[in-house]
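S.K.: Provide a 3D model corresponding to the input given below.
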Amino acid sequence: MKSNELLLDAFARIRETVAASLDGADAEVLLRRPSGNGNSIAWLIWHLSRVEDAQVAAAAGLKQVWTSQGFAGRFELPLSERDTGYGHSSRQVDAVKAPPGLLLDYYDAVHRQTVEFLASLGDADFDRIVDTRWDPPVTLGVRLVSTIADCLQHAGQAAYAKGLNPGPAA
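M.R.: Residues are numbered from 1 along each chain as shown. Sure, this is the predicted structure:
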């Protein structure tokens with residue numbers, strides 16, 4: 001198995017968990033915050049989508065799906081177009097509201113871009129430096145694994161939050 005095939009499998013698992021977390025979830029479920037101050041499913045899915053979008057696009061030299069495909073306008077969030085959710089206050093978490101179909105449409109568009117990029121890579125590509133702000137500098141392989149780790153954590157949190165909800169949507 002090639003390195004890009006392993007990464008494609010990992011990103012596919014994120015997509016599966018995102019879809020399962022959104023399946024059957026209504027607005028109330030999407031916006032409910034565990035313990036009153038945890039991150040909502042809507043925020044978690046939006047955030048992990050923004051993280052994958054921003055990280056992969058930067059590493060690949062591509063435009064972010066968020067702006068290039070008009071999702072920033074479709075979501076109509078009271079946030080900067082560059083915002084990915086890092087360091088959000090409770091008020092900002094509450095501001096992220098979107099129906100499940102839009103959240104999945106955005107993630108799927110991001111996922112398609114990720115898949116297209118990964119499919120084009122050979123093993124030698126993963127050693128390319130993509131970020132010199134760190135010591136040691138970050139390679140493409142490390143950046144992709146870091147993105148997977150972050151997104152899988154948030155996808156798991158969304159699945160857990162959905163499971164906390166009573167009724168048929170849980």
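
S.K.: Please name the nearest non-neighbouring residue to residue 8.
M.R.: Of all residues not flanking residue 8 in the chain, residue 118 sits nearest, at 5.2 Å (C-beta to C-beta, 6 or more residues apart in numbering). For glycine as for every other residue, the C-beta is placed from the backbone atoms N, C-alpha and C.

S.K.: ditto for residue 125
M.R.: The nearest residue in space to residue 125 (C-beta to C-beta, 6+ apart) is residue 140, at 6.1 Å.

S.K.: Same check on residue 121?
M.R.: Counting by C-beta to C-beta, 6+ apart, the nearest residue to residue 121 once its immediate chain neighbours are dropped is residue 4, at 4.6 Å.

S.K.: quick one, what contacts the one you found?
M.R.: Contacts for residue 4 (C-beta atoms under 8 Å, 6 or more residues apart in numbering) come out as 118-119, 121-123.

S.K.: who's in contact with the residue nearest to residue 8?
M.R.: Going by C-beta under 8 Å, 6+ apart, residue 118 touches 4, 7-8, 11, 144.

S.K.: So which of the residues you listed belong to helices?
M.R.: Under the assignment DSSP state H, these contribute 4, 7-8, 11, 144 to helices.

S.K.: Now do the phi/psi pair for residue 83.
M.R.: The phi and psi values for residue 83, taken as degrees, to the nearest 10, are phi -70, psi 130.

S.K.: What pLDDT is listed against the residue nearest to residue 121?
M.R.: Predicted confidence (pLDDT) for residue 4: 95.

S.K.: Distance check, it against residue 124.
M.R.: 11 Å (C-beta to C-beta, to the nearest Å).

S.K.: If you count neighbours, what's buried in the strand or helix carrying the residue nearest to residue 8?
M.R.: Following DSSP states H and E, one finds residue 118 within helix 100-119. Going by neighbour count (16 or more other C-beta atoms under 10 Å), the buried part of helix 100-119 is 100, 102-107, 109-111, 113-115, 117-118.

S.K.: now do stretch 68-77
M.R.: Quick answer for stretch 68-77 (16+ other C-beta under 10 Å): 69, 71-72, 75, 77.

S.K.: Output it in PDB, but only the C-alpha positions, please.
M.R.: The C-alpha trace of stretch 68-77 is given here as PDB (Å, rounded to 0.1, in the frame of the first residue of the first chain):
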ATOM      1  CA  SER A  68     -13.600  29.500  -4.000                       C
ATOM      2  CA  GLN A  69     -16.800  27.600  -4.100                       C
ATOM      3  CA  GLY A  70     -19.000  30.200  -2.300                       C
ATOM      4  CA  PHE A  71     -19.600  28.400   1.000                       C
ATOM      5  CA  ALA A  72     -18.700  31.500   3.100                       C
ATOM      6  CA  GLY A  73     -21.600  33.200   1.500                       C
ATOM      7  CA  ARG A  74     -23.900  30.300   1.800                       C
ATOM      8  CA  PHE A  75     -23.300  29.900   5.500                       C
ATOM      9  CA  GLU A  76     -23.700  33.700   6.200                       C
ATOM     10  CA  LEU A  77     -21.800  33.500   9.500                       C
END
